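> quick one, structure for this:
(4 chains, ligands or ions: 4)
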Amino acid sequence: MRGWMGKFRSLFLFGALAMILSGCGVDNLSALKPKGYGAELLLDLMMISIAIMIFVFVIVMAIYAFVLVRYREKKGQEDVIPKQTEGNKSLEVIWTVIPIILLLVLAVPTVQATFDLADQSTQGDEGVLTVEVTGNQYWWHFNYEGEELATSQDLYIPTNERVYLNMKSSDVIHSFWVPTLAGKMDTNPGENMNTMYLEAYEEGVYWGHCAELCGPSHSLMDFRVIAVSPEEFDQWKEDMRNVDPEAQPETTSAQEGQELFNNNCMSCHAIGGASMGVGPNLTNYANREKIAGVFEPTKENLVDWIVHPDEMKPGNQMPANLVTEEEADKIADYLLELDHSEVGKDLPTQAPDEE
Amino acid sequence: MSTAVAQKRGLGAAIWDYLTTVDHKKIAHLYLVSGGLFFLIGGLEAMIIRIQLMKPDNDFISAGLYNEMITMHGTTMIFLAAMPLIFALMNAVVPLQIGARDVAFPFLNSLGFWLFLFGGIMLNVSWFTGGAPDAGWTNYAPLSTTSPGHGVDYYVMGLQISGAGTLIGGINFLVTIVNMRAPGMTYMRMPLFTWSTFVTSTLILFAFPALTVGLFLMMFDRMFGSAFFDVALGGNVIIWEHLFWIFGHPEVYILILPLFGAFSDIFSNFSKKRLFGYSAMVFATVLIGFLGFMVWAHHMFTVGMGPIANSIFAVATMAIAVPTGIKIFNWLFTMWGGQIRMTAAMLWSIAFIPSFTIGGMTGVMLAAAAADFQYHDTYFVVGHFHYVIVGGVVFGLFAALHYWWPKMFGKVLNEKLGKWAFWPFFIGFHLTFFIQHFLGLMGMPRRYWVFLEGQGLETGNLISTIGAFFMAIGTVIFLINVVYTSVKGEKAAADPWGVGRTLEWAIPSPPPHYNFVQTPLVRGLDPLWVEKMDGKEGMTPAEPLGDIHMPNASILPFMMSLGLFIAGFGFIYQVDNSAWLIAVFVGMGITLGSMLTRSLKDDLGHHIHKEELEADIKKGVAK
Amino acid sequence: MADNTNSKTGYQMEYERKMHREEMKQQVISFVMMILFTFIAFGMVIMEVDSYFVIPTLLILAIVQVAFQLYYFMHMKNKGHDMPALMMYGGAAVALLTIITFVTIIWW
Amino acid sequence: MSHDDVLNPKSMPHDPEKATLEGKNKFLGFWFFLGGETVLFASLFGTYLALNGSTQGENTPENLFGLELVFIMTMLLLTSSLTSVYAMYHMKNNDFRKMQTWLGITVLLGVCFLGFEIYEFYHYIHEYGFTFRSSAFGSAFYTLVGFHGGHVLFGLSWIVALMIRNQKRGLNLYNAPKFYIASLYWHFIDVVWVFIFTVVYLMGKVG
Ligand code: HEA
Ligand code: HEA
Ligand code: CUA
Ligand SMILES: [Cu+2]
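Ligands and ions are numbered 1, 2, ... in the order given. This next block holds a predicted model:
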């Protein structure tokens, strides 16, 4: 199906439209710069609809402009009484039938795309990855089904393969949205699990947002999808499975940090393993793109976070002041040493600003 | 009462008069003032939202407060500003347009208003008692059921009370239109504003009960421990979404249809032409109302209903573009060949056409279910609905207020100031909301307290904020106009525009409280115009001059609503301390006691005698 | 206000009484039918008739019973009931949509 | 003639409930209200149908409901519908005494119905520990049936208030519409009950 709009794109209107719109927004976030199957399909659908809308708008505005210019009351005409027309059957038929036709033109690709994106035919097939996505206030958990491994905030996927997502929530409704790869889907609490799929065309770090109001830090519930080549992805899985949660860090500060971490934090955070705790899984913490989904991964920020998570993300579930500033410093040293894989590191974290 | 009150009217008497009034024209004033105040509050909240989003990572207000701000902005604007302002117009105009002396249920009409007002006050009290509701105006469970504090409880009780008022108002208009039309005013001779009031009231009748039930379930979950939305006990949160939108989508047509009606009247008046395709317009109105009930799930495309349901709702939604298009083209052709007079009312109406068309077209884009996976819950949607709501409903309210102001208050709003208010508002409107479509597509979800730096969203948001300030300027100029007119404005004639076509322009501005001395005989569509074209001065009466029967004023509607208001607080706080149950009993006691009083004490109304009417005619206050 | 001072002749009164009796007879008949339907409905469930058959039958019985209530007991069949009928059907249509939704797509 | 003049058989209009404009308005407005009530109950039924399986593994409809009680309640309510028809029959024939009598019987039947309903709830709570908070099914059941019960209670109070108020006044054009719409309300309650016994109890038993 890829590029079934391709032939239309060469048409002038579409070409111009595509040009204008693709100038909008940053590379790894804008829905107008698709980097995956779903997003591309949807951009095509948007283009068809925009074209229809522009067509309609031009007609309306043409009549509008004509009427306003031609039929204004002029000085001295205040007493003129225009002809009181009742209506015009054939005109009325025209402006009933033409919109119906235009809407049918829009409805057909709409229904096609809707069914296309709901397709689950290959889920569960040999070699097809399914990731269990859980939305939490205000972080994301990704459990790679059958792989015995899990990540939080950063979702790794292989490029040019369909990856299915089984989505649910542990608390309130969230919505999983990576604009450059696919449309969004809600994560519901309870039995109502949803499934969608992603397919990235290029390697890259794609920005994701939570799109359903879920509390004070709804706007800070960002995450990323990191698409790497299938070989690298296998490598990454390998790296992750080989993590030894008990391994001794190198520096003494980090060793003390590990001790402190195990005493204070393990009730909620896991290192290694795939089960979901109260807090994010921190196995590959040093590989994280951001702290808690949004903050620059500097040590300073990390220490601030560990001591005052409530100030950085209002309403989040992690208690403040569990440890002192000095202790946090050591824990940060430890966490920043949890560097287990080279995969994905060469990808630009943030696309350059607007072209 | 007509004589007693007229003689000595101190401030106290005037207030008492308004507290007890059952006159639809005074109730219109009440709706206008309170709806207007709520519009300013909602607008102020919008300004705070825009200031917060002026630059990235802003901390003008806190995250929690931001959520309260958007929730209250949406709720206030829709339930407490737009709907009451629409009710103000309906009350002021519909009985006059059908040649009635009164509405069908004057007492209930007043009850409807007081319920709305107390519900609205209740909602806004939450600001001062530890936090407003913060789960969005859509109040999705379980965010709402688990929201700490009492904010959401205020949402539930406030909307329940004001919703009851709306339902009562709706039934009142339905019966008024069916039963109280003057002789000769057949259905197919009713002005479009009356028609759209009729359809709107039907929508209210069928849509609000779903919200009522939703709010009850929410109340039971939050206050009495039931498990409708508690997944741990087998509840299902999607039930709320469906109930809310079964109500919520018809609600948006409840907002726009009356203004469609007002535009129809205005376009036809100021083009000096009868409405083009009258019967198609009526049919389109009914059809929009009808289709409005079959599309609610287009707000839920991403919930996971599956491709079949999504496709059905997508196509059904698109269908609404057809009757709406019929309307747009009929308006254009009403002006075609006419003599367009650019009054302030007309200016707002003219501006409405392109603005609403854009909003409608983005609506159809949203209706493409799959594409909505990208648009949903982004600023694209915010752009869409402000285009239809501000560009349709708010423009419509301004147009209609300019148009009917003389009929409501006896003075013509200053035309020059009217136009000065228009331009900044119009420009600001497009500045604010056009760019939001792009913000959405560029990856900005809605209900975001902050957006981050370096995502290409800075410029757009800044422009949007600047636009909001322009709208504020426009609003303030309008307020100045209101004050200026009430001080300096000239008294309006019965037909101040000189081109009146419908019955309300046949009687003095403002009309006497019994409206028509003699019920008029209607001889065609646009009855006043028909008489004018026959060279007559005014309407031919359908009955001889005689005594008029009018209802009595009553304080009971106020008391009933006050009782529910008190009981509402009791319900909210009995969770903390059962002593608050006393408030429930006291409040319900007041309400039920007032109801009992109403049913035990006969109220047969009073008569205005022929002599008084003749005196009024001599004085020129009746005709 | 409508004028009601015209008093009736004895003949007219007799005629109206007869009409009312006639109508009452219909209402009693519909009551008997309703009771009968109720018996059938309960009977089928108590006798544990196959559920694929029972459920639709129960619903049909209920709808017919309700039609009796509306048209006979509440006089919707009489003239002057166009608007009430319109609004009841309107309400019923919205009701039907709502219920269909709640038994189907909520569980997708 | 004023509205509160007592009617005699000769001045009795054909439809006393619709003889005045106020009467016509009440009549129509009340029907519209019932149209809205239809949607209200549909929303409650919908919620019940969506949740009636969410029993958390205990107290399912099958093991909870007893049909004997429901059958008796149904008979009571259906009969009360007929008795209120009789009341309206006598109203049209301008026989105030008989109208009051039949209304009285209606109220009596309604009170019995309500008594049984309260007994039923009491029974579920105390014998089965099945409450409003037990499960989503519990919440939905008590809400739906309770809303209906609330309507019965309101209807009874309304009819009783009308009867007492007009005891000494006889029938007139001011109160005839009130009696009439109160009886419409009573029938509507019966309409809702028909669906409740069918959907909740009978279909619940079938499973
Ligand atoms: C006055 C209020 C109003 C009006 C009139 C409309 C009108 C329409 N709306 Fe809108 N809508 C809202 C208020 C309104 N809406 C609000 C408040 C929300 C958000 C709620 C929330 O989530 O908070 C919303 C959200 C919303 C959504 C959900 C988006 C999402 O959350 O993902 C959708 C999706 O289908 C939608 C569609 C439509 C359509 C198709 C129309 C149509 O009726 C428009 C029809 C009009 C035209 C099309 C223009 C004129 C026609 C022609 C000139 C003829 C030719 C045209 C064609 C052939 C296209 N609306
Ligand atoms: C009738 C409906 C209505 C109207 C008229 C408006 C009007 C406006 N809205 Fe509204 N808006 C909604 C309904 C409406 N909105 C809804 C339903 C939502 C969704 C809420 C949710 O997500 O839950 C929303 C959300 C919403 C958002 C998105 C928030 C978010 O998702 O994070 C934004 C942001 O720009 C916004 C802005 C505005 C602006 C600038 C106006 C302007 O047009 C306002 C113009 C008016 C003024 C500027 C008033 C000026 C007056 C004064 C300044 C004087 C004050 C004086 C005194 C009080 C004495 N609105
Ligand atoms: Cu999670 Cu918003
Ligand atoms: Cu909608």
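
> rest of the way, CA atoms for contacts and neighbours
OK.

> in the stretch 251-355 of chain A, where is pLDDT below threshold?
A:349-355 (pLDDT under 70).

> SS state for the residue in it that ligand 2 sits nearest to?
Per C-alpha to the nearest ligand atom, residue A:314 is where the stretch 251-355 of chain A lies closest to ligand 2, at 16.2 Å. Here residue A:314 is recorded as coil under DSSP: H, G, I helix; E, B strand; the rest coil.

> residue A:155 too?
Classified using three-state DSSP, residue A:155 is strand.

> rewinding a little: residue A:214 is in contact with the residue of the stretch 251-355 of chain A closest to ligand 2, correct?
No. With contact defined as C-alpha atoms under 8 Å, residue A:314 and residue A:214 do not form a contacting pair (12.0 Å).

> once you drop chain neighbours, what's closest to the closest residue to chain D within the stretch 251-355 of chain A?
Per C-alpha to the nearest C-alpha, residue A:276 is where the stretch 251-355 of chain A lies closest to chain D, at 24.6 Å. Among residues not flanking residue A:276 along the chain, residue A:141 sits closest, at 7.1 Å (C-alpha to C-alpha, 6 or more residues apart in numbering or on different chains).

> swap in residue B:207?
Setting aside the residues directly before and after it, residue B:207 is nearest to residue B:247 in space (C-alpha to C-alpha, 6+ apart), at 4.5 Å.

> wait, what's in contact with the one you found?
By C-alpha atoms under 8 Å, 6 or more residues apart in numbering or on different chains, the residues touching residue B:247 are B:207-211.

> hmm, try it at 7 Å
B:207-208, B:210-211 (C-alpha atoms under 7 Å, 6 or more residues apart in numbering or on different chains).

> among these, which are in helices?
Within the contacts of residue B:247, residues falling in helices by DSSP state H are B:207-208, B:210-211.

> shaky segments in chain C?
Chain C contains residues with pLDDT under 70 at C:1-8, C:105-108.

> domain parsing of it, as residue ranges.
Taking automatic domain parsing as the reference, chain C has its domains at C:2-77, C:79-108.

> closest one to ligand 1 among these?
Between ligand 1 and the domains of chain C, the tightest spacing by C-alpha to the nearest ligand atom is seen for domain C:79-108, at 17.6 Å.

> buried set for the closest one?
C:81, C:84-85, C:87-88, C:90-99, C:101-103, C:105-106 (16 or more other C-alpha atoms under 10 Å in any protein chain shown).

> next: stretch B:562-579.
B:562-574.

> so for it, mean pLDDT?
Averaging pLDDT along stretch B:562-579 yields 95.

> and what of stretch B:322-335?
Stretch B:322-335 comes out at a mean pLDDT of 97.

> so between residue A:314 and residue A:214, which is more surrounded?
More crowded of residue A:314 and residue A:214, by other C-alpha atoms under 10 Å in any protein chain shown: residue A:214, with 29 against 17.

> list the residues that contact that one.
Neighbour list for residue A:214: A:137, A:172-174, B:143 [criterion: C-alpha under 7 Å, 6+ apart].

> between those residues, which is closest to ligand 3?
residue A:174 (4.1 Å).

> and that closest one, how many residues sit next to it?
Neighbour count for residue A:174, taken as other C-alpha under 10 Å: 32.

> residue A:185 is in contact with that one, correct?
No. Applying C-alpha atoms under 7 Å as the test, residue A:174 and residue A:185 come out as separate, 8.6 Å apart.

> what separation do you get for residue B:170 and chain A?
Applying C-alpha to the nearest C-alpha, to the nearest Å, the value for residue B:170 to chain A is 31 Å.

> show the pLDDT at that residue.
With respect to pLDDT, residue B:170 scores 97.

> return the list of helices and strands in contact with the helix or strand that contains it.
Using DSSP states H and E, residue B:170 falls within helix B:151-179. Applying 3 or more C-alpha pairs under 7 Å, 6 or more residues apart in numbering or on different chains; DSSP states H and E, one finds that helix B:151-179 contacts helix B:106-125, helix B:192-224, helix D:21-51.
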